[in-house]
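*Asks:* what's the 3D shape of this:
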Amino acid sequence: MAREALANASPLLGVGRDIQLTKRESEVLGLVVEGKSNKEVASELFCSKRTVDFHLARIYEKLQVNNRIQAVRRAATLGLISNVMTH
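*Replies:* This is a model prediction of the structure:
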């Protein structure tokens, strides 16, 4: 029985509980989820593209991903997108 539970467990089980995005990281992720480019995100948040790049790098690090598509998928898997979209 324990083997079945382990076999069916998600490799991400429990990971999402430890991920803490800052308010700005959540805003950036929310705009990325909407399909906006880094330049569009920067324009909407009144900051530089370099600042958006920095926030995305931190998001990737926290979510343990390498690009925006993986970030969106991981955020959805962890239940972070619904939180982001309500801000």
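*Asks:* please spell out which residues along the helix ranked longest in the chain are buried.
*Replies:* Longest helix in the chain, counting residues (DSSP state H): helix 49-63. Using 16 or more other Cβ atoms under 10 Å as the burial criterion, the residues of helix 49-63 that qualify are 51-52, 55-56, 59-60, 62-63. No exception for glycine: its C-beta is placed from N, CA and C like everyone else's.
*Asks:* can you add distance to Gly30 and pLDDT and give the residues you listed back as a markdown table?
*Replies:* Formatted as a markdown table, the buried residues of helix 49-63 follow (distance: Cβ to Cβ, whole Å; pLDDT from 0 to 100):
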| residue | distance to Gly30 | pLDDT |
| --- | --- | --- |
| Thr51 | 16 | 98 |
| Val52 | 12 | 98 |
| His55 | 11 | 98 |
| Leu56 | 12 | 98 |
| Ile59 | 11 | 98 |
| Tyr60 | 16 | 98 |
| Lys62 | 15 | 97 |
| Leu63 | 14 | 97 |
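*Asks:* quick check: Cys47 vs Arg74, distance?
*Replies:* To Arg74, Cys47 is 24 Å away according to Cβ to Cβ, to the nearest Å.
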